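In: Please find the sequence and the predicted model below.
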Amino acid sequence: MSADALIRLQEMMSKAHRVVVFTGAGISTESGIPDFRSPGGLWTKYAPIDFQEFVASEDMRMEAWRRKFAMDSTLGTAEPNKGHVAIAKMVDEGLVTHVITQNIDGLHQASGVPASKVIELHGNATYATCLTCGQRHELADVKVEFESSGKSPRCVSCDGIVKSATISFGQSMPEEQMMLAQHATQECDLMLAIGSSLQVYPAAGFPIMAKQNGSGLIILNREETELDHIADLVLHLEIGETLAPLVRLN
Ligand code: NAD
């Protein structure tokens, strides 16, 4: 990657007034959380369980909860990395208005971005909800029930199916978060898409919407993405070491 590209990154960032950062699983790999599509990523180990399968099959629900509790040992101990901290600093300095994230790990908030500025498109893995009545269930309680009963957890109030508060493939997107993301995208003059293969829709529609709305688009991702061809600048680089100098962290 040429030094010219990094200079161009700095120039575009310094000319922008309202930047929206859009992140995917790649921002969290430096915190030890595997992404989906990199070699060794989660996708290569487990095919995702989609929403219809989860609802229809007790076996699939059991498998989903087994995976979830195995993954929680990594998620629960992960700390924000240089990339998260650099973005938090850009938010603090007023350059970045919102962080739209596909991630469910809560590391943007943990790095200091106010929760009101983090738009979680795919939910949050730190609690569960009942699919029938919407009641929140704490994971510690769900885990005790799962392990003691040998069955997938049900709601104590209505006996509905309990599911992690993340959005699975095939599940409806959260309406409020989608509206907030749309609004932030329409207001920005630069979108910085970081650590996403940009293959998952409707999330990947936001960088497209930003471009269609006249905003600039920068993509920072180790590998090629589906949207490199529409970006104003593409950086196939590591995230932490690219973002840190922008905010004088190095
Ligand atoms: P993805 O796995 O499809 O793409 C991640 C991209 O990040 C890859 O193209 C990879 O090359 C790049 N990458 C990884 N580490 C990098 C680094 N250090 N520097 C530069 N690039 C790096 O992820 P996606 O597009 O976010 O889609 C996956 C879906 O899975 C999302 O919807 C998300 O909800 C979910 N997911 C979330 C987490 C999390 O919360 N941390 C982890 C895995 C999956």
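Out: In hand now; what should we look at? Numbering: from 1, shown residues only.
In: how near is the residue nearest in space to the middle of the chain to residue 118?
Out: Central residue of the chain (CA atoms, centre = their mean): residue 103, 1.9 Å from the mean position. Relative to residue 118, residue 103 is positioned 9 Å away (CB to CB, to the nearest Å). Where you see a C-beta, it was placed from the backbone N, CA and C, and this is true even at glycine.
In: what's the answer for residue 11, then?
Out: 27 Å.
In: So for these two, which sits in the more crowded spot?
Out: Between residue 11 and residue 118, residue 118 has the larger neighbour count (other CB atoms under 10 Å), namely 23 against 11.
In: mind listing what that one touches?
Out: Contacts of residue 118 were listed using CB atoms under 8 Å, 6 or more residues apart in numbering, and they are 98-99, 101, 108-109.
In: wouldn't the residue nearest to the centre of the chain be in contact with residue 25 here?
Out: Yes - with contact defined as CB atoms under 8 Å, residue 103 and residue 25 form a contacting pair (6.2 Å).
In: where does this structure dip in pLDDT?
Out: For the chain, residues meeting the criterion pLDDT under 70 lie at 1-2, 40-44, 250.
In: in it, which spans are helices?
Out: 3-15, 42-45, 51-56, 58-75, 82-92, 107-110, 139-149, 175-187, 205-212, 239-243 (DSSP state H).
In: Nearest to the ligand, out of the ones you listed?
Out: With CB to the nearest ligand atom as the measure, helix 239-243 is the member of the helices of the chain nearest the ligand (3.9 Å).
In: which of the residues in that closest one are buried?
Out: Judged by neighbour count using 16 or more other CB atoms under 10 Å, the buried positions of helix 239-243 are 239-240, 242-243.
In: Which other helices and strands does it contact?
Out: helix 82-92, strand 216-220 (3 or more CB pairs under 8 Å, 6 or more residues apart in numbering; DSSP states H and E).
In: now these as TSV including distance to the ligand?
Out: As requested, these are arranged in TSV below (distance: least, CB to the nearest ligand atom, whole Å):
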stretch	distance to the ligand
helix 82-92	7
strand 216-220	7
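In: Adding mean neighbour count as columns, could you present these in a markdown table?
Out: Formatted as a markdown table, these follow (neighbours: other CB atoms under 10 Å):
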| stretch | mean neighbour count |
| --- | --- |
| helix 82-92 | 22 |
| strand 216-220 | 23 |
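In: and the ones you listed as a markdown table, adding distance to residue 3?
Out: Below are the helices and strands packed on helix 239-243 laid out as a markdown table (distance: least, CB to CB, whole Å):
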| stretch | distance to residue 3 |
| --- | --- |
| helix 82-92 | 19 |
| strand 216-220 | 16 |
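In: Those: which one's closest to residue 175?
Out: In terms of CB to CB, the element of the helices and strands packed on helix 239-243 nearest to residue 175 is helix 82-92, at 24.3 Å.
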